[in-house]
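K.L.:
Turn this into a model:
(chains A and B)
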There are 2 protein chains.
Amino acid sequence: MAGDNSKITIKLPEPSLRRLPWYLAYVKLLKDRGVEYVSSTQISKDINVDASQIAKDLSFINISGKTRVGYEVESLVSVLEDFLGFTDVHKAVIFGVGSLGAALLQDSGLAQYGMNVIAGFDIKEELAGTFINGIPVYHVSEFEERQKELNAHIGILTVPVERAQETAESMIAGGVKAIWNFTPFRIRVPKHIVVQNTSIYAHLAVMFNRLNNLKK
Amino acid sequence: MAGDNSKITIKLPEPSLRRLPWYLAYVKLLKDRGVEYVSSTQISKDINVDASQIAKDLSFINISGKTRVGYEVESLVSVLEDFLGFTDVHKAVIFGVGSLGAALLQDSGLAQYGMNVIAGFDIKEELAGTFINGIPVYHVSEFEERQKELNAHIGILTVPVERAQETAESMIAGGVKAIWNFTPFRIRVPKHIVVQNTSIYAHLAVMFNRLNNLKK
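P.N.:
Have a look, this model is predicted:
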């Protein structure tokens, strides 16, 4: 992975970390509109997070607001982007080029956030040798060999549940340091491997449950 | 929305609710392999969640394990699916047929989990009248009129950040009760509206941060 490791040095609490991208999305909007300064009170009003919480979260990163005018919007955008690692280039490969995997290959948003997906791998012979959005798709059996050149540190897991564990293991064997797991399966990995679970179906369950509770 | 409201009656803690889909994914695998019974100890070993936590989470739903053999796999699958609302049919519309929105229209996984996406809406005139995966795409201006027939209760938000708030408001005006927000923007909604935030870029930031901390 490229980038300056010193950028992200503070182990801030995960809930704070998770809120920083919300602030970034909001202040980018302000920047586009030509707004120069913003206070935590204004951010609070617009995105529904407590103002003191916002000030506390932002105190973890290298920026401070000015009395009366607040934070300088342009600096806040660039400091947040740097801090969150969105200005680095993180090389990633996708395992499982089904509907979700193919969608992620096509998603230009990932590149904007510093994720450079450089190859896809699938078990289906007919996908090998194809390109999606200019990104090559190889047969899974080629991973070990290709990885020598690709040197991807992030593996995106979008295979069917029944292949999640074995696929995670082969990614790790190939040198992947972090796995972005989109399957609802809880993969088991060695302690030094980072796993980020993003199971959209779990979110679906939470939403259905709240919706049904509403009707009571 | 169709379905039996009585199915989801217990307000179980959200962390428990979020774990239930993991158990479901795992026991579905066992079912496919012809396994008849499973203990919380076995589940624990395979998916890395504490066995007593699993037993506690499952105590919220209408199933109990038998001494020595554990839970009956087939019952556990169907009770979990029912409880999570995956066997109901939830009608949804997607706002924003860009790369992520189009991907969700193509994702057959959603239907398996009870989410029936019946239409897409976009601001781009050239998309109006097209079909993705057999699902019609209309111009946003048609939403109010179309919604009279569609009667969708869930709105999936995949528009650019700068249109997130206004789009959420027009969904709500059209009768949407729950918004699945894939944008990193924190939309403001009335109290009676359910919002589920699934910002994959926020997860990306958490993963980058952990990866960088590893190197220290």
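K.L.:
Tally up the residues packed near the closest residue to residue A:198 other than its chain neighbours, please.
P.N.:
In space, and not counting its chain neighbours, residue A:198 is closest to residue B:203: 4.9 Å by Cβ to Cβ, 6 or more residues apart in numbering or on different chains. No exception for glycine: its C-beta is placed from N, CA and C like everyone else's. Around residue B:203 there are 18 other residues, counting by other Cβ atoms under 10 Å in any protein chain shown.
K.L.:
how about residue B:203, what does it touch?
P.N.:
Counting by Cβ atoms under 8 Å, 6 or more residues apart in numbering or on different chains, residue B:203 touches A:180, A:196, A:198.
K.L.:
List phi and psi for the second one.
P.N.:
It refers to residue A:196. phi -120, psi 120 (degrees, to the nearest 10).
K.L.:
what sits opposite it in the beta ladder?
P.N.:
Listed by DSSP bridges, the beta-bridge partners for residue A:196 are residue A:180.
K.L.:
How confident was the prediction at the closest residue to residue A:185 other than its chain neighbours?
P.N.:
Spatial nearest neighbour of residue A:185, chain neighbours left out: residue A:164 (3.9 Å); criterion: Cβ to Cβ, 6+ apart. We have a pLDDT of 96 for residue A:164.
K.L.:
now for the helix or strand harbouring residue A:164, which elements pack on it?
P.N.:
Under the criterion of DSSP states H and E, residue A:164 resides in helix A:164-173. In this structure, helix A:164-173 makes packing contacts with strand A:90-95, helix A:143-150, strand A:154-157, strand A:178-181, judged by 3 or more Cβ pairs under 8 Å, 6 or more residues apart in numbering or on different chains; DSSP states H and E.
K.L.:
Now the second one: buried residues?
P.N.:
The neighbour-count check on helix A:143-150 (16 or more other Cβ atoms under 10 Å in any protein chain shown) flags A:143, A:146, A:147, A:150 as buried.
K.L.:
Out of these, which is nearest to residue B:65?
P.N.:
residue A:143 (39.6 Å; Cβ to Cβ).
K.L.:
start to end distance for stretch A:81-98?
P.N.:
Terminal residues of stretch A:81-98 are spaced 31 Å apart (Cα to Cα, to the nearest Å).
K.L.:
Can you confirm whether it lies near chain B?
P.N.:
Yes. Using Cβ under 8 Å from any Cβ of the partner chain, stretch A:81-98 comes into contact with chain B via A:84, A:85, A:86, A:88, A:90.
K.L.:
Show me the residues you listed that map onto strands.
P.N.:
residue A:90 (DSSP state E).
K.L.:
Where does pLDDT dip in chain A?
P.N.:
Within chain A, the segments meeting pLDDT under 70 span A:1-11, A:215-216.
K.L.:
residue in it nearest to chain B?
P.N.:
residue A:103 (2.8 Å; Cβ to the nearest Cβ).
K.L.:
my guess is that residue meets residue B:105, correct?
P.N.:
No. In this structure, residue A:103 is not within contact of residue B:105 by Cβ atoms under 8 Å, at 9.8 Å.
K.L.:
Settle it for me: which of these two has more neighbours?
P.N.:
Taking neighbours as other Cβ under 10 Å, residue A:103 and residue B:105 compare with residue B:105 leading, 24 against 21.
K.L.:
quick one, what contacts the more buried one?
P.N.:
Residue B:105 makes contacts with B:94, B:97, B:117, B:120, B:132, B:133, B:135, B:137, as judged by Cβ under 8 Å, 6+ apart.
K.L.:
Tell me where chain A has helices.
P.N.:
Residue ranges of the helices in chain A, as given by DSSP state H, are A:14-32, A:40-47, A:51-59, A:73-83, A:99-106, A:108-112, A:143-150, A:164-173, A:200-214.
K.L.:
Which residue, other than its chain neighbours, is closest to residue A:137?
P.N.:
Nearest non-adjacent residue to residue A:137, counting by Cβ to Cβ, 6+ apart: residue A:120, 4.2 Å away.
K.L.:
For the one you found, name its beta-bridge partners.
P.N.:
Assessed by DSSP bridges, residue A:120 has beta-bridge partners residue A:94, residue A:137.
K.L.:
thought it was touching residue A:140?
P.N.:
No. Contact criterion Cβ under 8 Å: residue A:120 and residue A:140 do not qualify, at 10.0 Å.
K.L.:
which residues are common contacts for these two?
P.N.:
Here residue A:120 and residue A:140 have residue A:95 as joint contacts, going by Cβ under 8 Å, 6+ apart.
K.L.:
between these two, which one's more packed in?
P.N.:
residue A:120 (26 against 18).
K.L.:
contacting residues for that one?
P.N.:
A:93-95, A:97, A:101-102, A:105, A:127, A:132, A:135-138.
K.L.:
From the residues you listed, list the buried ones, please.
P.N.:
Buried among those by 16+ other Cβ under 10 Å: A:93, A:94, A:95, A:97, A:101, A:102, A:105, A:127, A:132, A:135, A:137, A:138.
K.L.:
right, and out of those residues, which lies closest to residue B:156?
P.N.:
Among the buried ones among the contacts of residue A:120, and counting by Cβ to Cβ, the member closest to residue B:156 is residue A:102, at 18.5 Å.
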